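Asker: Sequence and computational prediction follow.
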2 protein chains.
Amino acid sequence: MQVGRLPEWVYRDCADPSQPHRQRALDRQNALTKPTGALGRLEALAIDLAGLQATDCPRARLAPIIVFAGDHGVAVHGVSAYPQDVTVAMMANFAAGGAAISVLARELGSRLEVVDAGSRAASPITGTVSDKPRCGSRDFSQYAALDPQDVAFAFECGKRAIQRAMEGVPDLVILGEMGIGNTTSASAIAAALLGVEAAMVAGNGTGLDAAGRARKVAVIDKALSDYGLRNSDPPAEKVLAAVGGLEIAALSGAIIVAGQAGLPVLVDGFIVSVAALAATKLNPSCRPYLLFSHRSAEDGHRRVLDALVARPLLDLDLRLGEGSGAALALPILRLACALHNGMATFAEAAVPDRAL
Amino acid sequence: MQVGRLPEWVYRDCADPSQPHRQRALDRQNALTKPTGALGRLEALAIDLAGLQATDCPRARLAPIIVFAGDHGVAVHGVSAYPQDVTVAMMANFAAGGAAISVLARELGSRLEVVDAGSRAASPITGTVSDKPRCGSRDFSQYAALDPQDVAFAFECGKRAIQRAMEGVPDLVILGEMGIGNTTSASAIAAALLGVEAAMVAGNGTGLDAAGRARKVAVIDKALSDYGLRNSDPPAEKVLAAVGGLEIAALSGAIIVAGQAGLPVLVDGFIVSVAALAATKLNPSCRPYLLFSHRSAEDGHRRVLDALVARPLLDLDLRLGEGSGAALALPILRLACALHNGMATFAEAAVPDRAL
């Protein structure tokens, strides 16, 4: 799998979740004053977090949000309902506090960092971290979207963002993205990694009409042929260079580093899930660290989730990105932890347990 | 429909949601810095709350939780995995802070009131409100579960609880329940109101085995015949008296009064949904005030939700009751309001909107 262009650390194993902590968490769940299993997926969440955090007291309190932004040359083909300038304008809106993810971060008490992993902005945008090898990817209908060294740079950008987040000793991290045209790039990556036609994974993005979606599908299918991505199981590095985006590659790098650091990742919607799929292809040991927040209204998300054997927590017809779906799921994780840590046991409360 | 045994107020109309406030909320959603509709069901939630609260600034901050508890004579037939004493023991656990709903109330900053609407407790339980006409329902395989005046008392109990909650000027109310055997009563009510066999709505409750579920189904089917509930559309008052429970009737009363007071109700799982179904049969004008929180793992819930044309927010395999599913959905409402009220518009943020 390794084709030599990505940093060596990408392939280092993440630690397995702690089995003793998982077992103790399961035992505790079964002793709490509720019918066995009655808290459903919240019980599994608490047990998963206990194992990943290697603790008897799982937490989801400190959950910084990192949004990686990038521009996409392919946007010139009318594959988005919005003009390309929106990427940079929205980055400023994130930083100014007016975007959905800004409001959610405030409400949740989460630190929000916006990383310019590759927008077209010529100079740094106030309130964001600029960490990019180039201003946007190339139009992949004409040239490879990125050079291999751009992809490597983006992985390091993801690593640096997680390292900054780790300074706050977080309980988990929320990853999001912004980039006009990036559902086209993500759909192309998904099609290549899943070995399917573009029409199976390319949806309406932020609100394309039928003609726009047809253009998107055609551009992707042509690229899959042009770059030899219709072979079985093309290397993820090659796919990311051919049709990727800098923010997507940064997300893949961030996901792998987070897993290596023992930090659970709350995955947002379609685009972050595609980055997660690429990350698990490169380094399958990061998979246990991924918690899936929501099922997007974007068509291709279901297939990507199936490939990751992931069942998200929420299904609320969201298709915004920015990490917004993951932020919306954070309270579920917090309450799962509070229930796990705070409920009384049958013995403590002197409640009769079922006859077994 | 009115058969004369319930208080006159039950049949008074609830006000329609404010159409001007709904329209202004919709206009605002379409002006916020996100693709049209990209926040999916959160947009609809904010618009619904704006209409129900008749405000331009919908809120879900103050959300008191009321848990109605009751015992069920039918529990002697082994239709629950837990002994009947658990009802009273869990009421004490609610009040002492050790139960799931106690933990959730603390985390959410919600006031929790536990109303003994009809448990077997001979004397009041510390930290709960005792408001009951009798100690538990009769075994409905032998006698009608309740007298008509018991049902009327329970409706008044529900009304009194909402009136107490209104003193805190709440934004909405969360309703829950506790009662060993109450999935059997709720399944019987649902079967009668929906005109289906018991097997279509009776599930495994808190964890019955197959033999236990077969007993439950047999007890319900016999009661449907014994009390003449297989006719089309039996009056809800009659159904509640024949196979009801005091906490379920109190919930139906609370739901109607809340609607009449303009107070949105966040409905919990199977049992509260059955109480809501009975409430809407008695007074259809309360339906718009019902927000549905989660789809229970209990088999019959889907049919009850379908009859109510309800699509819950969460689907997390919960089957606990207590109002726990509704409490878990409260952060979604709060964040929907925060996004509605706090995001910038395209004009405010100087973000280019799509070409229309």
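Answerer: Received it, and whenever you're ready, just let me know what you need. Numbering: from 1, shown residues only, chains lettered A, B, ... in the order given.
Asker: Number of residues surrounding the closest residue to chain B within the stretch 151-300 of chain A?
Answerer: In the stretch 151-300 of chain A, the residue that lies nearest chain B is A:Thr206 (3.8 Å; Cβ to the nearest Cβ). (C-beta placed from N, C-alpha, C; glycine too.) Number of residues near A:Thr206 (other Cβ atoms under 10 Å in any protein chain shown) recorded here: 22.
Asker: Next: A:Arg111.
Answerer: For A:Arg111, the count of nearby residues is 15 (other Cβ under 10 Å).
Asker: could you list every residue that touches it?
Answerer: Contact analysis of A:Arg111 by Cβ atoms under 8 Å, 6 or more residues apart in numbering or on different chains lists A:Pro64, A:Ile65, A:Ala105, A:Ala165, A:Gly168.
Asker: From what I see, A:Thr163 and A:Gln260 are in contact.
Answerer: Careful, residue A:163 is Gln and not Thr. No - at 11.0 Å, A:Gln163 and A:Gln260 do not qualify as touching, with contact defined as Cβ atoms under 8 Å.
Asker: Show me which residues of the stretch 101-250 of chain A are close to chain B?
Answerer: By Cβ under 8 Å from any Cβ of the partner chain, the residues of the stretch 101-250 of chain A that approach chain B are A:Ser102, A:Val103, A:Leu104, A:Arg106, A:Glu107, A:Thr206, A:Gly207.
Asker: Narrow these to those in helices?
Answerer: A:Ser102, A:Val103, A:Leu104, A:Arg106, A:Glu107 (DSSP state H).
Asker: How about the third one, nearest residue that isn't a chain neighbour?
Answerer: Excluding the flanking residues, the one nearest A:Leu104 by Cβ to Cβ, 6 or more residues apart in numbering or on different chains is A:Ala327, at 3.9 Å.
Asker: and the gap between that neighbour and B:Val169?
Answerer: 29 Å (Cβ to Cβ, to the nearest Å).
Asker: Look at the two and report which has more neighbours.
Answerer: Taking neighbours as other Cβ under 10 Å, A:Ala327 and B:Val169 compare with A:Ala327 leading, 27 against 8.
Asker: which of the ones in helices among the residues of the stretch 101-250 of chain A next to chain B count as buried?
Answerer: Neighbour-count burial (16 or more other Cβ atoms under 10 Å in any protein chain shown) is assigned, among those, to A:Ser102, A:Val103, A:Leu104, A:Glu107.
Asker: Tell me if I am right that A:Ile125 is in a helix.
Answerer: No - assessed with DSSP: H, G, I helix; E, B strand; the rest coil, A:Ile125 is coil; it does not lie in a helix.
Asker: my guess is it contacts A:Asp116, does it?
Answerer: Yes - the pair A:Ile125 / A:Asp116 is scored as a contact, 6.4 Å apart, by Cβ under 8 Å.
Asker: intersection of neighbour lists for those two?
Answerer: What both A:Ile125 and A:Asp116 touch, as defined by Cβ under 8 Å, 6+ apart, is the set A:Met91.
Asker: Looking at these two, which one has more neighbours?
Answerer: A:Asp116 (28 against 18).
Asker: Excluding sequence neighbours, find me the nearest residue to that one.
Answerer: A:Ser130 (4.6 Å).
Asker: Quick one: residues contacting the spatially most central residue of chain A.
Answerer: In chain A, the residue lying closest to the centroid (Cα atoms, centre = their mean) is A:Val272, at 3.0 Å. The contact partners of A:Val272, taken as Cβ under 8 Å, 6+ apart, are A:Leu175, A:Gly176, A:Glu177, A:Leu251, A:Gly323, A:Ala326.
Asker: Fine by me, we can end here.
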